[in-house]
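Undergrad: Please work out how this folds:
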Amino acid sequence: MSAFSLKMDIADNQFFTGETSPLFSRGQAQQARHFHQKIAGYKPTPLYALNELAALFGVRKILVKDESQRFGLNAFKMLGGSYAIARLLCEKYQLNIDDLSLEDLKTRITEKMTFATTTDGNHGRGVAWAAKQLGQNAVVYMPKGSAQERVDAIVRLGAECIVTDMNYDDTVRFTLQTAQKNGWEVVQDTAWDGYTKIPTWIMQGYATLADEAVEQMAAMGIPHPTHVFLQAGVGAMAGGVLGYLADVYGARNLHSVIVEPAQADCIYRSGIKGQIVNVGGDMATIMAGLACGEPNPLGWELLRNCSTQFISCQDSVAALGMRVLGNPLGQDPRVISGESGAVGLGTLTAIHYHPQREALMNKLQLGSDSVVLVISTEGDTDVKHYREVVWAGKYPAAL
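TA: Just a heads-up that it's a prediction; the model follows:
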């Protein structure tokens with residue numbers, strides 16, 4: 001293949017301290033995983049080694065955690081929503097989550113509750129799924145431009161789903177106001193003053209996938225990854241997973257790269273400044289799950305302290321990752337990865353084919369000994385658009 005250049009702005013983290021948080025430790029992740037293991041149908045999602053792609057790219061290993069296979073929901077997000085709702089109910093009814101499953105909780109709830117949230121798709125689907133398991137109600141708000149297929153997936157789980165005429169962050173504020181008027185419980189994966197407990201639980205729930213990955217790497221004879229690429233919207237998944245990995249391996253022993261779409265790169269901009277920077281406007285990116293303009297303060301603190309670099313990239317980087325994962329090299333396994341799921345692998349691919357490949361490899365300290373972990377956070381949650389990208393070549397890598 002010929003070289004081509006995709007826009008990727010890379011910023012070194014000048015505010016790195018390596019300081020971890022006891023809220024996002026291995027112990028907290030394992031408590032969350034213990035809860036998830038009691039849910040019917042639980043099994044760790046696959047961690048695939050793309051050995052032939054790694055050889056092509058000149059690294060030792062490329063490992064892809066495939067979250068499209070999470071409880072039949074095509075994305076990882078239910079890990080956070082289900083755990084947070086369970087913790088909320090345990091607190092309300094003075095129960096111990098270590099002793100209970102979702103089924104147990106369902107029998108203990110004595111009043112009908114409604115859980116409200118804002119979503120770009122996957123988080124709302126996870127909240128709707130958890131509410132259905134518990135026999136409760138869910139009301140899900142989505143920002144303008146949300147794909148009908150993602151709306152339909154939420155409605156099929158019995159939730160009410162409303163698409164607003166606002167962007168994601170304004171929809172979050174609208175959801176909060178509406179929930180307060182109606183006495184609903186807000187289950188949101190970002191935090192603000194006076195609202196930190198539930199987003200903390202959500203982030204701890206996300207770390208189940210990281211605990212699985214560490215266990216799976218050990219079974220492969222891999223002591224630790226050298227690099228991890230984590231995509232960010234508000235930064236809840238990136239913060240929860242990186243917090244766990246930094247606790248297990250040490251932040252200074254892991255080259256961690258946070259990747260965002262250029263249209264919604266609030267973490268990248270915050271990383272340059274060393275404090276939270278919000279992004280407004282429509283944030284029209286194909287990476288719908290990452291189209292968030294205001295960082296989660298809980299996730300941001302971890303990302304500021306423990307990330308090595310931040311990347312802001314164009315949509316074609318994610319599209320490239322979708323095509324490479326869906327059309328594997330040689331005997332590598334195929335991964336169906338959606339727009340928000342594929343951007344980490346897309347970044348690696350864009351680096352390999354860039355005219356300045358060597359300089360970019362050096363900047364990210366990638367080499368023949370590198371073991372790179374990426375998280376494919378979703379499958380084809382919008383099948384129509386997935387096919388437009390992978391089959392029809394929408395958002396091409398080179399013009």
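Undergrad: Find the residue closest to the residue positioned nearest the centre of the chain in space, skipping its chain neighbours.
TA: Residue closest to the mean C-alpha point of the chain, counted by CA atoms, centre = their mean, is M237 at 4.4 Å. Across the structure, with CB to CB, 6 or more residues apart in numbering as the measure, the residue nearest M237 apart from its sequence neighbours is Y206 (4.9 Å). For every residue, glycine as well, the C-beta is placed using N, CA and C.
Undergrad: Am I right that the one you found sits in a helix?
TA: Yes: using DSSP: H, G, I helix; E, B strand; the rest coil, the secondary structure at Y206 is a helix.
Undergrad: my guess is it contacts G81, does it?
TA: No: using CB atoms under 8 Å, Y206 is not in contact with G81, being 9.9 Å away.
Undergrad: can you give me the helices for the stretch 1-150 of the chain?
TA: Counting by DSSP state H, counting those that start in this stretch, the stretch 1-150 of the chain forms helices over residues 26-36, 51-57, 78-93, 102-108, 122-133, 148-155, given from the N-terminal end onward.
Undergrad: before we move on, back to that, what about the residue nearest to M237, how many residues close to it?
TA: Counted by other CB atoms under 10 Å, the residues lying close to Y206 total 30.
Undergrad: Give me the distance between it and F24.
TA: 9 Å (CB to CB, to the nearest Å).
Undergrad: Need the overlap of contacts for those two.
TA: With contacts defined as CB atoms under 8 Å, 6 or more residues apart in numbering, the residues shared by Y206 and F24 are G240.
Undergrad: So what would you say the end-to-end distance of stretch 98-117 is?
TA: 25 Å (CA to CA, to the nearest Å).
Undergrad: If we go by neighbour counts, what in it is buried?
TA: Neighbour-count burial for stretch 98-117 flags 100-102, 105, 113-117 (criterion: 16 or more other CB atoms under 10 Å).
Undergrad: Tell me which residues touch the residue lying farthest from the centre of the chain, please.
TA: Of all residues in the chain, T110 has its C-alpha farthest from the mean position, at 33.2 Å, by CA atoms, centre = their mean. T110 makes contact with Y93, according to CB under 8 Å, 6+ apart.
Undergrad: and it, backbone torsions?
TA: With angles defined as degrees, to the nearest 10, T110 sits at phi -110, psi 0.
Undergrad: Do you know the pLDDT at it?
TA: T110 is assigned a predicted lDDT (pLDDT) of 81.
Undergrad: and what of G281?
TA: Taking G281 on its own, its pLDDT is 88.
Undergrad: what's the closest non-adjacent residue to it?
TA: Excluding the flanking residues, the one nearest G281 by CB to CB, 6+ apart is N167, at 7.0 Å.
Undergrad: Now do the contacts for that neighbour.
TA: 143-144, 280-283, 291, 293.
Undergrad: Buried subset of those residues, written for ChimeraX?
TA: For selection in ChimeraX, the members of the contacts of N167 meeting the burial criterion (16+ other CB under 10 Å) are listed in this command:
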select :143,283,291,293
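Undergrad: so where's the stretch 151-300 of the chain uncertain?
TA: In the predicted model, the stretch 151-300 of the chain carries no residue with pLDDT under 70.
Undergrad: same thing but 90
TA: 168-169, 189-191, 280-283 (pLDDT under 90).
Undergrad: Which strands and helices lie in contact with the helix or strand where Q177 lies?
TA: When elements are defined using DSSP states H and E, Q177 is found to belong to helix 168-182. Packed against helix 168-182, as judged by 3 or more CB pairs under 8 Å, 6 or more residues apart in numbering; DSSP states H and E, are the following elements: strand 114-118, strand 137-142, strand 185-186.
Undergrad: Would you mind listing the buried residues in it?
TA: The neighbour-count check on helix 168-182 (16+ other CB under 10 Å) flags 168-172, 174-176, 179 as buried.
Undergrad: What of stretch 381-392?
TA: Under the neighbour-count criterion of 16+ other CB under 10 Å, stretch 381-392 has 381-382, 385-386, 389-390 buried.
Undergrad: Which positions in stretch 19-34 come out as buried?
TA: 20-21, 23-26, 28-29, 31-33.
Undergrad: Pull the residues that contact that stretch.
TA: 79, 83, 97-98, 200, 203-205, 207-208, 210-212, 239-240, 243-244, 246-248, 251, 298, 301-302, 305-306.
Undergrad: Could you report the distance from E212 to P297?
TA: Distance of E212 to P297, computed by CB to CB: 27 Å.
Undergrad: One more: G326?
TA: Per CB to CB, G326 is found 36 Å from P297.
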